[in-house]
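Asks: Task: produce atomic coordinates for the following.
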Amino acid sequence: MRATFKTGVILGGLAAIATIAYQQYQQRKTTSDDIDHRPSVDAKRDPAEVGLTQLDSIHRADWQANGFPQTHAELERLEREEN
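Replies: Down below sits the predicted model:
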């Protein structure tokens, strides 16, 4: 076999492997829609995380720092207090 043929076979194989790896990466990549439906991974360890999605869990620190209500009940209570 010629060296150019061997090189072509090797490069073709590498290109095929790279293509397969890229396709699998694209399939595994999570979107914000996906994480907005999965429950928080910390829900088992932190009672405050129960009922939050993964996206909510990411934003939870900001909510606490800015004083946003954490639950619907707390939001309703704040609305009643305003009236």
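Asks: From here on, just use CA atoms for contacts and neighbour counts.
Replies: Will do.
Asks: Hmm, residue 41 is touching residue 54, no?
Replies: Yes. With contacts counted by CA atoms under 8 Å, residue 41 reaches residue 54, the gap being 6.8 Å.
Asks: Tell me which of the two has more neighbours.
Replies: Higher neighbour count among residue 41 and residue 54: residue 54, with 21 against 14, using other CA atoms under 10 Å.
Asks: in the protein, which spans are helices?
Replies: Assigned by DSSP state H, the chain shows helices spanning 3-28, 32-35, 54-66, 72-82.
Asks: which stretch in the ones you listed is the model least sure about?
Replies: Per-stretch mean pLDDT for those is lowest at helix 32-35 (a mean of 71).
Asks: Would you map out the domains in the protein?
Replies: 1-29, 31-83 (automatic domain parsing).
Asks: winner for burial among those?
Replies: With neighbours defined as mean count of other CA atoms under 10 Å, the domains of the chain peak in mean count at domain 31-83, which reaches a mean of 13.
Asks: mind checking how far that domain is from the chain centre?
Replies: Offset of domain 31-83 from its chain centre (CA atoms, centre = their mean, to the nearest Å): 16 Å.
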